[in-house]
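Enquirer: Let me see the structure of the following:
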Amino acid sequence: MILVINNRSHFIYELEQRLTELNVKFMVMDKRDTLKLRRLKKFKGIILSGGPLALNKKMYLEDINLAGEVLLDTNVPILGICLGHQIIGDMFGAKTSHMKKFQNEKQRIEIVYPDDLFASFKTKTITVQEAHHNCLNKLPPGFTLLARSKKTKIEAMKHKTRPIYGLQFHPEASGKTGIKILKNFLKICGEL
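Expert: Numbering: from 1, shown residues only. Got it, this is the predicted structure:
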C-alpha cells in the first residue's frame, strides 16, 4: 500500500485517479489524521503531494500530525511532488526561493541522470506540467540532480544513498509521461 500525504494539493484528485488507474492500493492522509513511525512501516512507499504557497513548509506536516524527522527516519521510498519536493529539500539543507513569475504551463525538462525514476524514457527531454511559485535554490547535500529546465535548476533529484526522490513538476497532471514516472516510482516501491 502507498501512503499519500495530502498537502492541500489542487491536483490531489488527479493523483488519486492515476494511482487508481495503475491498480495500486493507497491511503490519503490529511490534516485530521495522526501517523506514528510504527504505522508508517506498513506502507511500501510514501508520496508527499504538492500544495499551495507556504511561508513555512513544515506547517503542512504539522497539520497532519507527522514530524518531518519521523517521515525521513522511515526506510520506505518517498516521492515529493512540487511542495513535497521543496519540503524534502528544506529538510536536507536547501532553501526554497520565490520565483518572479508563477510557473503554470507545460515545460520541457532535460533528464541529466536517468536513474530508475526515468528508466523507461528513450529521450533526454520530456514535457511535464508545472504549477509552482517557489523552487529549490540549490541541490541539498547528499542528493543527485536527475533533471533540470531553463526555468528551474532542480526539476528532479534523488538522495544518494536512500530511495528519496523529489519532483518540482506534477507527474499526475503530465499525461503519459507522468504516468511512466509514477509507474517507475511504484516499481521502486515494489508495488508493480
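Enquirer: ok, the residue nearest in space to the middle of the chain - contacts?
Expert: The residue lying closest to the centre of the chain (CA atoms, centre = their mean) is Gly80, at 1.9 Å. Listed by CB atoms under 8 Å, 6 or more residues apart in numbering, the contact partners of Gly80 are Ile47, Leu48, Gln86, Ile87, Ile88, Ile164, Tyr165, Gly166, Leu167. Yep, even glycine has a C-beta here, placed from its N, CA and C like the rest.
Enquirer: Tell me if it really is in a strand.
Expert: Yes: counting by DSSP: H, G, I helix; E, B strand; the rest coil, Gly80 is part of a strand.
Enquirer: State the distance from it to His10.
Expert: 16 Å (CB to CB, to the nearest Å).
Enquirer: and what of Phe143?
Expert: If you go by CB to CB, the gap between Phe143 and His10 works out to 27 Å.
Enquirer: Spatially, what comes nearest to Ala94 if we skip its sequence neighbours?
Expert: Sequence neighbours aside, Pro140 is the residue nearest to Ala94 in space, at 4.1 Å (criterion: CB to CB, 6 or more residues apart in numbering).
Enquirer: what about that neighbour, how many residues close to it?
Expert: 19 (other CB atoms under 10 Å).
Enquirer: for Glu105, same thing?
Expert: Neighbours of Glu105 (other CB under 10 Å): 9.
Enquirer: Okay, now the unreliable bits of this structure?
Expert: Where the chain drops to pLDDT under 70, the residues are 31-38, 53-71, 98-99, 101-104, 132-133.
Enquirer: Where is the longest helix in it?
Expert: helix 175-189 (DSSP state H).
Enquirer: what's in contact with that helix?
Expert: 2, 18-19, 21-22, 24, 44-45, 47, 76-77, 79, 116-121, 126-129, 163, 165, 167, 170-172, 174, 192.
Enquirer: Go through these and flag which are in strands.
Expert: Ile2, Gly45, Ile47, Leu79, Ile126, Thr127, Val128, Gln129, Tyr165, Leu167 (DSSP state E).
Enquirer: Glu191 is in contact with the first one, correct?
Expert: Yes: with contacts counted by CB atoms under 8 Å, Ile2 reaches Glu191, the gap being 6.4 Å.
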